[in-house]
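Q: Provide a 3D model corresponding to the input given below.
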Amino acid sequence: MLLLSACVTLGPDYDRQQATHWNTEPEGWQQALPHEGDPVALVAWWSQFKDPVLVELIEQSQKQSNSMAQAALRIAQARALLVTADGAVLPVLNASAALSRGTYQLGGPVIVATTAQAQLQAGWEIDLFGGLARGSEAARARLAAQVANWHEARISVSADTASLYTNYRSCEQLAQISSTDAQSRAQTARLTQELAQTGFQSPANAALARASAAEGQARNVAQRAECDLLIKALVALTAIPEPELRQRLAKGSRVLAQPTMPDVQRVPAQVLSQRPDVAAAERELAAASADIGVREAERFPRLSLLGNIGPLSFESAVGSISATSWSIGPSLSLPIFDGGRRAANVETAKIAYEVAATNYRTQARRAVREVEEALVRLDSLNQREREGLKAARGYRESLQAAQARYKFGLASILDLEETRRLSVNADNILANVRRERVNAYIALYRAVGGGWDAKDLAAAVRTVQQNPSDILTGKLQ
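A: The predicted model follows:
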C-alpha cells in the first residue's frame with residue numbers, strides 16, 4: 001500500500017514560467033527611466049524623507065489599518081486550511097469508550113449485565129491518485145497568496161499615509177502663500193484708503209483695493225480649512241487623537257521632501273517579481289492548477305486502511321468475561337454513477353484555472369501600466385517644476401516692482417492687482433507641482449512593489465506556519 005500511494009498524481013504539473021507567460025509581455029520600458037542619482041533601496045526608501053513624523057504616522061496607520069487586519073485574518077484562515085489539507089495525507093487515530101448496563105438472554109434466564117469497552121480506531125486513506133497531495137499543494141499556494149496580499153496591503157497603507165502627509169505639508173505651504181498674499185492686499189488697501197482720503201486716489205480705487213483684500217482673506221480662510229480637513233483624514237487613518245496629532249505635525253518639517261528615484265529594473269519582468277499583488281495572482285494560479293488534480297482524483301477509486309483494537313468486559317451475576325477485540329483491513333470505494341457530477345467538477349476546476357490565468361495577466365499588465373504612468377508623470381513634473389520655478393521668480397520680481405511703482409504713484413491699482421494675481425497663481429502652481437512630484441515618486445514606489453521581493457515569500461510562509469501567533473500580533477514582516 002505504501003508503494004501504491006506513490007503510483008500516480010493526476011492533474012497538470014504546474015510550470016510557473018509557462019503559466020505566467022503572456023503574449024504581450026514587453027521586453028523593456030517605453031518610457032525612459034529618469035534616474036536622478038543612484039537608485040535607493042526601497043526597503044529604506046522612507047528614510048530619505050528625513051522626517052520622523054512621517055515614519056511614525058506610517059507605523060501608526062499600519063497598526064490601525066483594517067485592510068491589513070483583514071489580510072492577517074485571511075492568512076490565519078489559509079494556514080488553518082493548509083493544516084487540514086496536510087493532515088488528510090496522514091493516518092488518523094481516534095479513541096472511544098463505552099459503558100452500558102442492560103438485560104441479556106443467553107439461551108437461559110434473563111440476566112442483568114454491565115458491558116465496558118474501549119477501542120483505538122485507526123484509518124489511513126492511501127493517496128492512490130495524488131488527490132490529497134494536490135489539495136495540500138493548493139492550500140500551500142493559497143497561503144502564500146494571502147501572505148503576499150498582506151504585504152500589498154502594507155505597501156498601500158504606507159503609500160496612502162505618505163501621500164496624505166505630503167498633501168498636508170503642501171497645504172501648509174499654500175496656506176503660507178495665501179496668508180502672505182492676504183497681508184499684502186490688506187497693506188495695499190490701507191495705503192489706497194489713505195491716498196483716497198488725501199485726494200491722490202479715487203474712491204473707486206479704494207473700493208477695489210478693499211475688495212481685493214477681502215478676496216485674499218477669503219482665500220486664506222479656505223486654504224486653512226483644506227489643511228484642517230487633511231488633519232481630520234490623518235486622524236481617521238492613524239487613530240491618533242487630533243490634539244496629539246497637531247502637536248506631532250507642528251514638530252515636523254514643513255519642507256517637502258525631495259525623494260530620489262526608486263530602483264526600477266530595466267526589464268519589466270524583474271519589476272513584476274517585486275509586486276506582491278502579482279505574486280498573489282501567480283500563487284492563486286498555482287492553486288487553481290492543483291485543484292484540477294484534486295477534482296480528477298475524485299473520479300477514481302479511493303483506498304483506505306482501517307483498523308481497531310481494544311479490550312471488552314462483560315460482567316453479570318452469573319460470571320464475567322474479558323477479551324480483546326481487533327480488526328484490520330482495506331476499504332475500497334468505487335465511484336460508479338453520479339450523474340456527471342465529478343466530471344463537471346473537473347471542468348469547473350479547469351475553467352477556474354483559466355479565470356486565474358486571465359486575472360494574472362490582468363494584474364501583470366496593470367503593474368506595467370502603473371510603472372509606465374508613474375514614469376511619464378515624473379518626467380513631466382520634473383520639467384514643469386523647473387519651468388514653474390522660473391515663472392514664480394519672474395512674477396515675484398515683477399510684483400515687487402509693481403508695488404514700488406504703485407507706492408510712488410507711477411502705476412495704477414489695476415496694474416498692481418493684475419501683477420499680484422499672476423504672481424500668486426505662479427506660486428500656487430509651483431507648490432502644487434512640487435506636491436504632485438512627491439506623490440508621483442510615492443506612486444512609483446507603490447508601482448514597483450515597495451521594497452518587497454518575491455524571493456522572501458517562501459521564508460515568510462514558513463514563518464507563518466511555524467509561528468502562527470505572529471500573524472495577528474503584527475510581527476509578520
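Q: I'd guessed Gln363 sits against Asp277; true?
A: Yes. Between Gln363 and Asp277 a contact is recorded at 5.8 Å, counting by Cβ atoms under 8 Å. Backbone N, C-alpha and C define where each C-beta goes, glycine included.
Q: and the two? Which one has more around it.
A: Taking other Cβ atoms under 10 Å, Gln363 and Asp277 do not tie; Asp277 has more neighbours (22 against 19).
Q: what about the closest residue to that one other than its chain neighbours, how many neighbours?
A: Excluding the flanking residues, the one nearest Asp277 by Cβ to Cβ, 6 or more residues apart in numbering is Glu152, at 4.7 Å. Using other Cβ under 10 Å, Glu152 has 23 neighbouring residues.
Q: wait, Glu152 touches Gln274, no?
A: No. Applying Cβ under 8 Å, one finds Glu152 not in contact with Gln274, separated by 11.5 Å.
Q: Leu143 contacts Ala78, doesn't it?
A: Yes. With contacts counted by Cβ under 8 Å, Leu143 reaches Ala78, the gap being 4.2 Å.
Q: any idea which element Gln121 lies in?
A: Using DSSP states H and E, the element containing Gln121 is strand 110-126.
Q: quick check: next helix or strand after that strand?
A: Heading C-terminal from strand 110-126 (DSSP H and E), you reach helix 131-197.
Q: helices or strands up against that following helix?
A: With contacts taken as 3 or more Cβ pairs under 8 Å, 6 or more residues apart in numbering; DSSP states H and E, helix 131-197 sits against helix 52-64, helix 66-87, helix 203-238, helix 276-297, helix 341-407, helix 413-447, helix 457-466.
Q: distance to Ala196 and mean pLDDT added to the ones you listed, as TSV?
A: Listed next are the helices and strands packed on helix 131-197 as TSV, based on distance: least, Cβ to Cβ, whole Å; pLDDT from 0 to 100:
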stretch	distance to Ala196	mean pLDDT
helix 52-64	48	88
helix 66-87	60	89
helix 203-238	4	91
helix 276-297	65	92
helix 341-407	13	90
helix 413-447	10	87
helix 457-466	74	75
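Q: export these as CSV, with columns for distance to Val147.
A: Converted to CSV, these look like this (distance: least, Cβ to Cβ, whole Å):
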stretch, distance to Val147
helix 52-64, 16
helix 66-87, 6
helix 203-238, 24
helix 276-297, 8
helix 341-407, 16
helix 413-447, 18
helix 457-466, 5
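Q: tell me which of the ones you listed sits most buried.
A: Using mean count of other Cβ atoms under 10 Å, the stretch among the helices and strands packed on helix 131-197 with the greatest mean number of neighbours is helix 276-297 (a mean of 25).
Q: can you tell me which helices and strands that helix packs against?
A: If contacts are counted by 3+ Cβ pairs under 8 Å, 6+ apart, helix 276-297 sits against helix 16-19, helix 131-197, helix 341-407.
Q: switch to 10 Å and redo it
A: helix 16-19, helix 66-87, helix 131-197, helix 268-272, helix 341-407, helix 457-466 (3 or more Cβ pairs under 10 Å, 6 or more residues apart in numbering; DSSP states H and E).
Q: could I get the ones you listed as CSV with distance to Phe300?
A: Shown next, in CSV, are the helices and strands packed on helix 276-297 (distance: least, Cβ to Cβ, whole Å):
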stretch, distance to Phe300
helix 16-19, 25
helix 66-87, 19
helix 131-197, 8
helix 268-272, 38
helix 341-407, 9
helix 457-466, 30
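Q: contacting residues for the residue nearest to Asp277?
A: Shown in contact with Glu152 (Cβ atoms under 10 Å, 6 or more residues apart in numbering): 67-68, 71, 275-280, 446, 449-450, 452.
Q: nearest to Ile321 among these?
A: The closest of those to Ile321 turns out to be Ala71 (Cβ to Cβ; 60.5 Å).
Q: and the gap between the closest one and Val157?
A: According to Cβ to Cβ, to the nearest Å, Ala71 stands 10 Å off from Val157.
Q: now the common contact residues for those two.
A: Shared contacts of Ala71 and Val157 (Cβ under 10 Å, 6+ apart): Ser65.
Q: hang on, the earlier thing: looking at the helices and strands packed on helix 131-197, which is nearest to Leu306?
A: Shortest distance between Leu306 and these, using Cβ to Cβ, is found for helix 66-87: 17.2 Å.
Q: can you name every helix or strand that that closest one contacts?
A: Judged by 3+ Cβ pairs under 10 Å, 6+ apart, the packing partners of helix 66-87 are helix 52-64, helix 131-197, helix 276-297, helix 457-466, helix 469-472.
Q: what's the angle from the first one to helix 66-87?
A: Okay, so that is helix 52-64. Angle, helix 52-64 to helix 66-87, by axes from the mean of the first three to the mean of the last three Cα atoms, to 10 degrees: 50 degrees.
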